[in-house]
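Asker: Using only what follows, build the 3D model:
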Amino acid sequence: MRPFDRQRILLGVTGGIASYKAAWLARLLTQAGAEVDVVLTRAAAEFIGAITFEALTGRPVHTALIAPGHALDHIALARAAQLVVVAPATADFLARAVGGHADDLLSACLLATTAPVLLVPAMNDRMWAHAQVVRNTEAARGIGYHVLDPDDGALAVGEGSGPGRMPEPETIVAHCARLLEPRAALAGRRVVVTAGPTREPLDPVRFLSNRSSGKMGVALAAAAWRRGAEVTLIAGPLEVPIPRDIPVVRVETTAQMQEAVARALPGADALIMAAAPADFTVATPASGKLKKAGAPDALALTETADVLVTTRALRSPSCVVVGFALETGDARAEAKRKLAAKALDLVVANDALEPGAGFGVDTNRVTIISADGGEEALPLLSKAAVADHVLDRVADVLGGR
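Answerer: Here you go, the predicted model:
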C-alpha cells in the first residue's frame, strides 16, 4: 500500500503502559507493506514481550546494544531504515534523545540514522505538562525530530482523563505515511474536499437524504493530507471517522454545504466535490412531527442549489475542480455532461448499482474523465487506492498550470 511498499521502518518501543498499542501499530505497518524492525528497550520488555512483535512482523526483535554477533546492530538498523518511529516515547526517553545519549540500542539508533524520526510521547498528563518535558519536546523539534502530540483521553487506572494518552495506531500510521510520501505537486497546496450526504428537513425529526457514507471523500482528504496538502474537509453526516489531523467543517443541509464551499474556495488550489448533496428539499417543511393520521397525500419538492455551479465564480483561474458522477444508467455520458456544464477539470464516474462500487462499501470501480477528453478506467480498487489515482490526475493538472 502506498507509500509503505518495500519500506524499512524501525519501530522503537519504550517502557510505558501504552506499549501494548505498539503491537497493533507494528501489525498495521506490516499489513501496509512495510518491513518493520522492532527495537525494545529494557523497560519496554517488562510490559510486552519480544515474541509478540516477532509474531506480528515476521522479523527478529532487537534488544541489546552490545551482544555477540550484534555489535553493530545500531549502525545496520539505522542505515536500513527509511523511517524511525518511537511509540510510545516516555518522558525519560524523550530527555535522553534530546541529550544525545547512546547507552542503549534505541537511543544509539537515533544518533546513527539519517532517516526522518517520529516521536510519539505518552505519559501521565501532569508529566506531559511539566516544564522540563515541554522544553524537551521543543528541543526535539529543534533537532529536526517530528513529535506527534498525545491525545486527550483516558489515562492509566485511577489517573482519570487528560492530555498524555498515546494516539491510536491508525493516527500514527497516517503520520508515518506523510513522512514517507515523496514531496510532490500537492505539498503546501490548499485542497478543499467535500464528503458525505446532506439532509433536507421534512419535519423536525425526519429528513430527505441518500445512502452516501462519506468514505470516498474522507479517503481523498486523507490522501491529500498525506501528500502534504493543507486540507479542509467539508462533511455532511458521516458513517466513517475522520483522521484527527484533518480540519473539518460540519454541515447538515445542501445550502450549508454551499455556504461552506463558498467560504473555503477563494485561494484554494483544488476543489474535490466527492459529497453527495441532496438534489431536492421539501418546499415547506412541517413545523411539527407529521402524523400518519392526516398526513398529506403528496409533498412539494424543490431543487437544491448546485454547489459546483453556484460557487463557480469564486474559483481562481488555476484551481483544479473535480466532480463525481454516481449514476444508475450511463455514468460516462452523464459524467461528460457534468464536465462541460460545471466547467470541471476532471470528473469521476461510477455505477451506483455495481456490486462493491456504490455507497457504503470500501471499494470502488471508477472511470476518470478529463476535460481534454482523456479517460482512465480503473479496476475494482479500495477507495484509498482510487483516491491516489484521482490525486495523481489532480497533480498532473496542477503541474501544467
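Asker: Can you show me the helices along the stretch 301-401 of the chain?
Answerer: Along the stretch 301-401 of the chain, the stretches classed as helices by DSSP state H, counting those that start in this stretch are 307-310, 331-341, 383-399.
Asker: Over to the chain?
Answerer: With DSSP state H as the criterion, the chain has helices at 19-31, 44-47, 50-57, 73-80, 91-99, 105-112, 125-129, 131-143, 169-180, 215-226, 254-264, 307-310, 331-341, 383-399.
Asker: that older thread, now for the helices of the stretch 301-401 of the chain, which one comes closest to T14?
Answerer: Each of those has some distance to T14 by C-beta to C-beta; the shortest is helix 383-399, at 30.5 Å. From N, CA and C alone the C-beta is placed, and that goes for glycine too.
Asker: ok, R211 touching V361?
Answerer: No: R211 is beyond contact range of V361, at 10.5 Å (criterion: C-beta atoms under 8 Å).
Asker: Give me the pLDDT value at the closest residue to H146 other than its chain neighbours.
Answerer: On the basis of C-beta to C-beta, 6 or more residues apart in numbering, the spatially nearest residue to H146 that is not a chain neighbour turns out to be L118, at 4.7 Å. The confidence metric pLDDT takes the value 98 at L118.
Asker: Next: T198.
Answerer: In this prediction T198 is given a pLDDT of 97.
Asker: So which residue is dead centre in the chain?
Answerer: For the chain, the residue whose C-alpha lies nearest the mean C-alpha position (C-alpha atoms, centre = their mean) is A222; its distance is 3.1 Å.
Asker: quick revisit: now the helices of the stretch 301-401 of the chain in CSV, with distance to E259 and mean pLDDT?
Answerer: Formatted as CSV, the entries for these read as follows, by distance: least, C-beta to C-beta, whole Å; pLDDT from 0 to 100:
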stretch, distance to E259, mean pLDDT
helix 307-310, 10, 96
helix 331-341, 22, 89
helix 383-399, 24, 95
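Asker: Dump the ones you listed to JSON lines, plus mean neighbour count and distance to L110.
Answerer: Shown next, in JSON lines, are the helices of the stretch 301-401 of the chain (neighbours: other C-beta atoms under 10 Å; distance: least, C-beta to C-beta, whole Å):
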{"stretch": "helix 307-310", "mean neighbour count": "19", "distance to L110": "48"}
{"stretch": "helix 331-341", "mean neighbour count": "17", "distance to L110": "50"}
{"stretch": "helix 383-399", "mean neighbour count": "20", "distance to L110": "31"}
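Asker: Mind checking these for the one nearest to V38?
Answerer: helix 383-399 (25.3 Å).
Asker: Do you know the pLDDT at V13?
Answerer: The predicted local confidence for V13 is 98.
Asker: same thing with the one 3 residues further on?
Answerer: G16 is assigned 88 on the pLDDT scale.
Asker: Enumerate every residue touching it.
Answerer: Taking C-beta atoms under 8 Å, 6 or more residues apart in numbering, we find G16 in contact with A44, F47, P88, T90, A122, M123, M166.
Asker: Let's see that with 10 Å instead.
Answerer: With contact taken as C-beta atoms under 10 Å, 6 or more residues apart in numbering, G16 is in contact with 22, 43-44, 47, 87-93, 121-124, 156, 164, 166.
Asker: from the residues you listed, which would you call buried?
Answerer: Among the contacts of G16, the ones that count as buried by 16 or more other C-beta atoms under 10 Å are 22, 43-44, 47, 87-91, 93, 121-124, 164, 166.
Asker: Return the most buried member of the helices of the chain.
Answerer: helix 215-226 (a mean of 27; mean count of other C-beta atoms under 10 Å).
Asker: helices and strands around that one, which ones?
Answerer: helix 169-180, strand 190-195, strand 230-235, strand 270-273, strand 320-327, strand 346-351, strand 363-364, helix 383-399 (3 or more C-beta pairs under 10 Å, 6 or more residues apart in numbering; DSSP states H and E).
Asker: same question for it, mean pLDDT?
Answerer: 97.
Asker: same check, this time on stretch 270-280
Answerer: 96.
Asker: Let's see that stretch as PDB, backbone CA atoms only.
Answerer: This file holds the C-alpha atoms of stretch 270-280, laid out as PDB (Å, rounded to 0.1, in the frame of the first residue of the first chain):
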ATOM      1  CA  ALA A 270      -8.100  22.300  -5.800                       C
ATOM      2  CA  LEU A 271     -11.700  21.500  -5.000                       C
ATOM      3  CA  ILE A 272     -12.800  17.900  -5.000                       C
ATOM      4  CA  MET A 273     -16.500  17.600  -4.800                       C
ATOM      5  CA  ALA A 274     -16.900  14.000  -3.500                       C
ATOM      6  CA  ALA A 275     -20.000  14.700  -1.400                       C
ATOM      7  CA  ALA A 276     -23.500  13.600  -2.500                       C
ATOM      8  CA  PRO A 277     -25.700  16.600  -1.600                       C
ATOM      9  CA  ALA A 278     -29.400  16.100  -1.700                       C
ATOM     10  CA  ASP A 279     -30.800  17.200  -5.000                       C
ATOM     11  CA  PHE A 280     -34.300  18.100  -3.600                       C
END
